[in-house]
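J.: with the input below, show me the fold.
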Amino acid sequence: MSTQPEALRLAALLDDPVNSKIYLAPYIAAELRRLHEVNQDLLKALQTIMNISLMDSGHWARTIEL
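T.: Predicted structure coming up:
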């Protein structure tokens, strides 16, 4: 089992001029959708952290503003 991320595995296949690219389209589309969902979750978490930091008058909030 490979520990390489799926996105990097697919990118390597696309870079290889010997491979047929057409068959990769469904796998690439699925991986892009998955990464988009992860990205949306990360953006929501970051927004939550930023909102909390604006309410926090402690040291952590001041370091975010720098």
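J.: could you use CA atoms for every contact and neighbour count after this?
T.: Noted.
J.: now residue 42: which helix or strand?
T.: Assigned by DSSP states H and E, residue 42 falls within helix 25-55.
J.: do the same with residue 18
T.: Using DSSP H and E, no helix or strand contains residue 18.
J.: how much space between it and residue 25?
T.: 16 Å (Cα to Cα, to the nearest Å).
J.: which one of these two is surrounded by more residues?
T.: Neighbours were counted for residue 18 and for residue 25 using other Cα atoms under 10 Å; residue 25 has more, 12 against 8.
J.: list the contacts of that one.
T.: Going by Cα atoms under 8 Å, 6 or more residues apart in numbering, residue 25 touches no other residue.
J.: look up how far residue 7 lies from it.
T.: Counting by Cα to Cα, the gap from residue 25 to residue 7 is 12 Å.
J.: swap in residue 41?
T.: For residue 41, the distance to residue 7 equals 18 Å [Cα to Cα].
J.: ok, now residue 50?
T.: Residue 50 is 29 Å from residue 7, by Cα to Cα.
J.: worst mean pLDDT across the helices and strands of this structure, which element?
T.: helix 59-65 (a mean of 53; mean pLDDT, DSSP states H and E).
J.: and the spatially closest residue to residue 32 that is not a sequence neighbour, how many neighbours?
T.: Nearest residue to residue 32 in three dimensions, chain neighbours excluded: residue 7, at 7.9 Å (Cα to Cα, 6 or more residues apart in numbering). Neighbour count of residue 7, defined by other Cα under 10 Å: 14.
J.: residue 7: which element?
T.: Following DSSP H and E, one finds residue 7 within helix 6-15.
J.: what's the offset of that helix from the middle of its chain?
T.: Distance of helix 6-15 from the chain centroid (Cα atoms, centre = their mean, to the nearest Å) equals 15 Å.
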